[in-house]
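Trainee: Sharing a model prediction with you, sequence too.
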Amino acid sequence: MIDLRSDTVTKPSSGMREAMMSAPVGDDVYSDDPTVNSLEERIAELLGAEAALFAPSGSLANQLAMRLLVKPGEEIICDSQAHIVRAELGAAAVFSGITSRTWQADRGLLRADDALNIARPDGGPYLVSTTAIAVENTHNFGGGTIQPIEEIVKLRTQSRALGLAMHLDGARLWNAHVATGISLKDYGRNFDTVSVCLSKGLGAPVGSVLASSKERIASARIWRKRYGGGMRQVGILAAAGHYALDHNLARLADDHARAKKIAQACHAAVPSTIDPSHVDTNIVALNLTNTTLTAAALNDQLKAQGIAASALGPKFLRLVTHLDITDADIEKVCQVLPELLKRAFVA
Ligand SMILES: *Cc1c(COP(=O)(O)O)cnc(C)c1O
């Protein structure tokens, strides 16, 4: 099966497994694991933050950030397709008493004014007060969209003047960094908290990291334990993260080129399914509106030919490239998929 459902489906390579096997470890609940400690320091440094904390999932890293930035009964605002409001199962409300409001964003693309227009920093005694803004970069359901740095900086400048905090859901910040050449620090400096995933395009089996100030990370450590996310000799997993940063960061550019190829082939078959210029990174978001196909039906037809994708809406099919995909796989996808689209095209 050519598995393009997500960049989370990668399996640890033999080199990564060896690095995991030989990692020095200790009890991380006592902050005694040297491999975890060095990974936290390394990622804090990359993002220009004072400190960082290893977490078992990106969702937990995001939830810790929101817990730190927003009090119960206050709100965080984000775009309506953000992972924190669509894919974390209401955790901010369930765990932290946080409500949310959203703005609409085509392809998840950030425009500072969209956020500023709905922010209500001091709601007074009758309205919910906004205390934080979340930005997702790259944007998952938007199709791997890279957020323009000018809009991030504008939002930071203007929201800080209003006393608002900013969180970056940077599960795929690595992809934005590799695609634009903008440093992780230049992204990170605009946020109070940043989460990054090691288990997406970087290919580690487990792991995310939350970066922030020393004070907030000390508090996040307590909340992580409270949520049951304190782990012991977890340097075995952190070693995979180190290995991923050493070997799998620069190669994300290959994933981006391959996603672009798929998009171009689909566009050539049925232009309305995708604009290849919108494929910024490793995600291909197909719009099947002008075809007789539902995403589920197309998914079934692809599966019959050995290709797996994700049906994320009635007419929305997502394909994600990653390090376990070869050029030969991409060639096959570029033959099979456009053919199925052409057959189902209605002018
Ligand atoms: C994958 C992802 C996360 C975290 O997901 P986990 O499965 O909890 O690790 C967070 N944000 C975005 C945008 C993601 O794509």
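Mentor: Cool, the structure landed.
Trainee: OK, contacts around Met21?
Mentor: Ile236 (CB atoms under 8 Å, 6 or more residues apart in numbering). Glycine gets a C-beta too; all of them are placed from N, C-alpha and C.
Trainee: pLDDT at it, what is it?
Mentor: Looking at Met21, its pLDDT stands at 98.
Trainee: Okay, it and the ligand: tell me how far apart.
Mentor: Plainly put, Met21 is 23 Å away from the ligand if you go by CB to the nearest ligand atom, to the nearest Å.
Trainee: Spatially nearest residue to Ser159 (excluding sequence neighbours)?
Mentor: Nearest residue to Ser159 in three dimensions, chain neighbours excluded: Ile133, at 5.7 Å (CB to CB, 6 or more residues apart in numbering).
Trainee: Pop out the phi and psi values for that neighbour.
Mentor: The phi and psi values for Ile133, taken as degrees, to the nearest 10, are phi -120, psi 130.
Trainee: Just give me the neighbour total for it.
Mentor: 27 (other CB atoms under 10 Å).
Trainee: Show the pLDDT at it.
Mentor: Predicted confidence (pLDDT) for Ile133: 99.
Trainee: My understanding was that it contacts Ala82; is that so?
Mentor: No - using CB atoms under 8 Å, Ile133 is not in contact with Ala82, being 10.6 Å away.
Trainee: coming back round to it: just list whatever residues bridge to the residue nearest to Ser159.
Mentor: Note on Ile133: beta-bridge partners Ile77, Met166, judged by DSSP bridges.
Trainee: so what's it up against?
Mentor: Ile76, Ile77, Cys78, Ala115, Ala119, Leu155, Ser159, Leu164, Ala165, Met166, His167.
Trainee: so what's the last one scoring on pLDDT?
Mentor: As summarised for this prediction, His167 has a pLDDT of 99.
Trainee: what about it, neighbour count?
Mentor: Look at His167: counted by other CB under 10 Å, it has 26 neighbours.
Trainee: Which residue would be the closest one in the stretch 151-300 of the chain to the ligand?
Mentor: Going by CB to the nearest ligand atom, the ligand is nearest to Ala171 of the stretch 151-300 of the chain, at 3.4 Å.
Trainee: try the stretch 1-150 of the chain
Mentor: For the stretch 1-150 of the chain, CB to the nearest ligand atom, closest residue to the ligand: Gly58, 2.3 Å.
Trainee: Tell me, how many residues neighbour that residue?
Mentor: Using other CB under 10 Å, Gly58 has 27 other residues around it.
Trainee: Which of the residues in the helix or strand encompassing Ala311 are classified as buried?
Mentor: Using DSSP states H and E, Ala311 maps to strand 310-313. Under the neighbour-count criterion of 16 or more other CB atoms under 10 Å, strand 310-313 has Ser310, Ala311, Leu312 buried.
Trainee: Can you name the residues that contact Arg67?
Mentor: Counting by CB under 8 Å, 6+ apart, Arg67 touches Ala92, Phe95, Ser96, Ile98, Ala220, Trp223.
Trainee: Which ones among those map onto strands?
Mentor: Among those, no residue falls in strands (DSSP state E).
Trainee: Looking at those, which is nearest Leu293?
Mentor: Ala92 (35.2 Å; CB to CB).
Trainee: Go ahead and confirm the closest one touches Cys78.
Mentor: No - in this structure, Ala92 is not within contact of Cys78 by CB under 8 Å, at 10.2 Å.
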